[in-house]
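**Student:** Structure of the sequence below:
(2 chains)
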Amino acid sequence: AQSVTQLGSHVSVSEGALVLLRCNYSSSVPPYLFWYVQYPNQGLQLLLKYTTGATLVKGINGFEAEFKKSETSFHLTKPSAHMSDAAEYFCAVSDPGNYGQNFVFGPGTRLSVLP
Amino acid sequence: GAGVSQSPSNKVTEKGKDVELRCDPISGHTALYWYRQSLGQGLEFLIYFQGNSAPDKSGLPSDRFSAERTGGSVSTLTIQRTQQEDSAVYLCASSPPGQGAHEQYFGPGTRLTVT
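**Tutor:** This is a model prediction of the structure:
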């Protein structure tokens, strides 16, 4: 079984500050890992994903995440927050050999960006 | 190209009525997912289709919920005898076959309000 935890249901940062959203997972097999963003009243949009290869992955809008197997983590970062980054962020894990029920989302972290 | 579309975007219904929610996936996407997102909550998996078959119905919360997919394309989620606790945003996602199978593309959702 797989699971995802996201530390902090709500994170606030100042505009221009570092954004760090935490994601830890539990998986019995090497997982695929994802970050999705949800803007108000919209569906989810893929930010970035890790499948295999380089553990530091870059996504859209200046976000990146690093897969750390030893820490079972996939934290999302952005060097400088912008007002437009305010949204809900979801970490997700998938079993490479399967999908459907095995695609599990975390509870989400709401990011607020203060002027 | 066209993304995942869902209709209606908003639905208000009286307790006890039946509702149908529609999802049009991206053309060529073989997998289709339904999720429920309650206010301030993460995503709750409901059902997954591969083609017209639903190998995983484990997330349907009760027998009042059912879903079908026809022609490997459009899917309908039906909720019978709606209850107030069914109020939520219902999200649909689709995935392509092959290497992209683990990427989900989301629609904008249907906001269901049961009064």
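**Student:** is the helix or strand hosting residue A:89 anywhere near chain B?
**Tutor:** Counting by DSSP states H and E, the element that carries residue A:89 is strand A:87-94. Yes. Interface with chain B: strand A:87-94 contributes A:90, A:94 (Cβ under 8 Å from any Cβ of the partner chain). Every residue, glycine included, has its C-beta placed from N, CA and C.
**Student:** List the pairing partners of that strand within its sheet, with orientation.
**Tutor:** Taking DSSP bridges as the criterion, strand A:87-94 forms sheet pairs with strand A:32-38 (antiparallel), strand A:104-105 (antiparallel), strand A:109-114 (antiparallel).
**Student:** who does residue B:69 bridge with?
**Tutor:** residue B:75.
**Student:** what sits against it?
**Tutor:** The neighbourhood of residue B:69, defined by Cβ atoms under 8 Å, 6 or more residues apart in numbering or on different chains, consists of B:32, B:49, B:51-52, B:54, B:75-76.
**Student:** Give me the nearest residue to residue A:55, chain neighbours excluded.
**Tutor:** Nearest non-adjacent residue to residue A:55, counting by Cβ to Cβ, 6 or more residues apart in numbering or on different chains: residue A:67, 4.3 Å away.
**Student:** Report all helices and strands that the helix or strand hosting the one you found contacts.
**Tutor:** Here residue A:67, judged by DSSP H and E, is contained in strand A:64-68. Here strand A:64-68 touches strand A:32-38, strand A:44-50, strand A:56-58, strand A:73-78, going by 3 or more Cβ pairs under 8 Å, 6 or more residues apart in numbering or on different chains; DSSP states H and E.
**Student:** Great, nothing more from me.
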